[in-house]
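*Asks:* Pasting the sequence and the predicted coordinates here, then a few questions.
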Amino acid sequence: MWTDIRPEVEMPRLFERGGDVISFAGGLPDLDVLPLETISAQLSRLVRLGGKLALQYTTPHVAGALVPAINDLMAREGTTAGADRLVPTGGSQMGLMAVGLGIAAPGETVLVQTPAYPGAAAAFRTAGLTLHPAPEDADGLDAAALRETVLRLRAAGRTVRLLYCNPTFQNPTGATLSVARRHELLAAARELDLLLIEDNPYGLLSFDGETTTALHALDPDRVIYLGTFSKVFAPGLRCGWIAAPEQLARTLRRTTEIMSLSPSALAQAALAAFHTRAGWSDLLDAYRTSYKERCALMADALEAELGTDGPWQWERPGGGFYIWLRHRDGVDTTRFAEAAAEHGVSYVPGSHFGIDGEHADGLRLCFSNVARGRIAEGVTRLAAALSAPVPA
Ligand code: PMP
């Protein structure tokens, strides 16, 4: 049931029984890197000097110092957006819901790059949309096959205008679509008159500091870009943005106003103040370093425990939060969930990232929020669970 598919925060609860569990399930950031004293001083100053504005309702606009703060993030992936194209959200989850409700019409079909973040599928379904997998090959989204799929769906009477993707350090696979593929995808989108929804929480979290040009940079009139402060600052502020063509941005402002009346002026002001004083580079470097170390610990342990020619296949990601294992023989990984719970480790089975139960042979491990000293032990427990006899 799709209503059982829950976004990141609730997910671990489905797979953990409490006690001494090492969780590789939930995709949470490592907030140890946050300069809490600085943030606390800035918040206190904000409330003291501007509290009556920061604690008031505000309009659904990105304004003032938040515009350069957002653009300082987007520019790192080669793109920018003026205030007329920006819509504030309470994070990308709200952005997904706003696009589903405000841009699409109930009953229409949205193409979804899979395996997909379950919160995206849940948002689109809640908005009354039908989901269809976007065609892919070993290198990711496949523009030629996309043409065929869209024409076939349209010939069958379906309305298809939107394609959802998470092209950089994808949740759950960690994969990044090449720039050549991005150009091909946009060429197909122009030809087919599709809008691309570019969900990009992890794009700046590469381990080597390199970034990939955002789809939005290549054609800002074809792309609805979902940005968020959840992974580059903190999810508790519930602050993100949409960058969209001006007309769509106007529609989305109305939709977000209906959804939540007003963005959090306090969160917006806190982020703008932080950026004005410190910029983003130090914090981004700290996050990247933390995830690079954690990912290396997990990948090294996986190599040691599972080998490279056994039943499990995976690749070391270049950034983001996740390692995606796949069973070579297509075994459904929910079968190991019980054994994992008994061994005190958790993961998310691949079927949660399919839109109709597919990708069941996958298994998502999240390293971003696990204590460094617990990662190897967690992988040892996982390896024990995966080699336990599987119930049929
Ligand atoms: N999209 C993707 C791909 C995600 O992984 C997440 C969170 N895990 C979100 C959107 C939602 O994040 P938020 O609402 O905190 O911005």
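*Replies:* Yes, it's here. As the structure is a computational prediction, the values presented were derived from the model and not from experiment. Residues are numbered from 1 along each chain as shown.

*Asks:* looking at the protein, which helix or strand does the model trust least?
*Replies:* Least confident element among the helices and strands of the chain, by mean pLDDT, DSSP states H and E: helix 11-15 (a mean of 62).

*Asks:* what comes into contact with the helix or strand that that helix is followed by?
*Replies:* Later in the chain than helix 11-15, the nearest helix or strand by DSSP states H and E is strand 22-23. With C-beta atoms under 8 Å, 6 or more residues apart in numbering as the contact definition, strand 22-23 has outside contacts at 12, 16, 344-346, 366, 369-370, 374-375, 377-378, 381. C-beta: built from backbone N, CA, C; applies to glycine.

*Asks:* what helices or strands is the helix or strand following strand 22-23 leaning on?
*Replies:* Once strand 22-23 ends, the next helix or strand along the chain (criterion: DSSP H and E) is helix 36-54. When contacts are defined as 3 or more C-beta pairs under 8 Å, 6 or more residues apart in numbering; DSSP states H and E, helix 36-54 sits against helix 265-278.

*Asks:* average model confidence for the helix it packs on?
*Replies:* The pLDDT scores in helix 265-278 average 97.

*Asks:* What are the buried residues along it?
*Replies:* Judged by neighbour count (16 or more other C-beta atoms under 10 Å), helix 265-278 contains these buried residues: Ala265, Leu266, Ala267, Gln268, Ala269, Ala270, Leu271, Ala272, Ala273, Phe274, His275.

*Asks:* any chance of those residues in CSV, plus distance to the ligand?
*Replies:* Output for the buried residues of helix 265-278, formatted as CSV (distance: C-beta to the nearest ligand atom, whole Å):
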residue, distance to the ligand
Ala265, 18
Leu266, 17
Ala267, 12
Gln268, 14
Ala269, 19
Ala270, 16
Leu271, 13
Ala272, 18
Ala273, 20
Phe274, 17
His275, 17
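
*Asks:* quick one: which of those residues is nearest Glu358?
*Replies:* Ala267 (36.9 Å; C-beta to C-beta).

*Asks:* Name all residues that make contact with the residue in the stretch 1-150 of the chain positioned nearest to the ligand.
*Replies:* Closest approach between the stretch 1-150 of the chain and the ligand, counting by C-beta to the nearest ligand atom: Gly91, at 2.7 Å. Counting by C-beta under 8 Å, 6+ apart, Gly91 touches Thr228, Phe229, Ser230, Pro235, Arg238, Cys239, Gly240.

*Asks:* which residue packs closest to it, ignoring adjacent ones?
*Replies:* Gly240 (4.5 Å; C-beta to C-beta, 6 or more residues apart in numbering).

*Asks:* cool, and Glu77?
*Replies:* Ala214 (4.0 Å).

*Asks:* Over to Pro60?
*Replies:* Arg253 is the one closest to Pro60 (C-beta to C-beta, 6+ apart), at 4.3 Å.

*Asks:* Can you name the residues that contact that neighbour?
*Replies:* Here Arg253 is in contact with Pro60, His61, Val87 (criterion: C-beta under 8 Å, 6+ apart).

*Asks:* The residue nearest to Glu77: neighbour count?
*Replies:* 24 (other C-beta atoms under 10 Å).

*Asks:* That one and Gly203 touch, don't they?
*Replies:* Yes - using C-beta atoms under 8 Å, Ala214 makes contact with Gly203 at a distance of 6.6 Å.

*Asks:* got CSV for the contacts of strand 22-23, with distance to the ligand and neighbour count too?
*Replies:* Listed next are the contacts of strand 22-23 as CSV, based on distance: C-beta to the nearest ligand atom, whole Å; neighbours: other C-beta atoms under 10 Å:
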residue, distance to the ligand, neighbour count
Pro12, 12, 20
Glu16, 17, 18
Gly344, 24, 19
Val345, 20, 29
Ser346, 16, 27
Cys366, 9, 26
Asn369, 11, 19
Val370, 16, 22
Arg374, 21, 15
Ile375, 20, 24
Glu377, 25, 15
Gly378, 20, 25
Arg381, 24, 23
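
*Asks:* now, which of these sits nearest Arg326?
*Replies:* For these, the nearest to Arg326 is Cys366 (16.1 Å; C-beta to C-beta).

*Asks:* Hmm, Phe24 and the closest one touching each other?
*Replies:* Yes - using C-beta under 8 Å, Cys366 makes contact with Phe24 at a distance of 5.4 Å.

*Asks:* got the contact list for the helix or strand where Leu365 lies?
*Replies:* Using DSSP H and E, the element containing Leu365 is strand 362-366. With contact meaning C-beta under 8 Å, 6+ apart, strand 362-366 is reached by 23-28, 115, 171-173, 298, 321-327, 333, 336, 347-350, 352-353, 382.

*Asks:* Show me the residues you listed that map onto strands.
*Replies:* Applying DSSP state E to these, the entries found in strands are Ser23, Tyr322, Ile323, Trp324, Leu325, Arg326, His327, Val348, Pro349.

*Asks:* hang on, the earlier thing: partners of the strand holding Leu365 in the sheet?
*Replies:* Its sheet considered, strand 362-366 pairs with strand 322-327 (antiparallel), strand 348-349 (antiparallel) by DSSP bridges.

*Asks:* can you pull the buried residues of the longest one?
*Replies:* If you call a residue buried by 16+ other C-beta under 10 Å, then strand 322-327 has these buried ones: Tyr322, Ile323, Trp324, Leu325, Arg326, His327.

*Asks:* Give the other helices and strands that the helix or strand containing Val99 contacts.
*Replies:* With elements taken from DSSP H and E, the one containing Val99 is helix 92-102. Contacting helix 92-102 under the criterion 3+ C-beta pairs under 8 Å, 6+ apart are the following elements: strand 86-89, helix 118-126, strand 195-199, strand 223-228, strand 240-243, helix 246-260.
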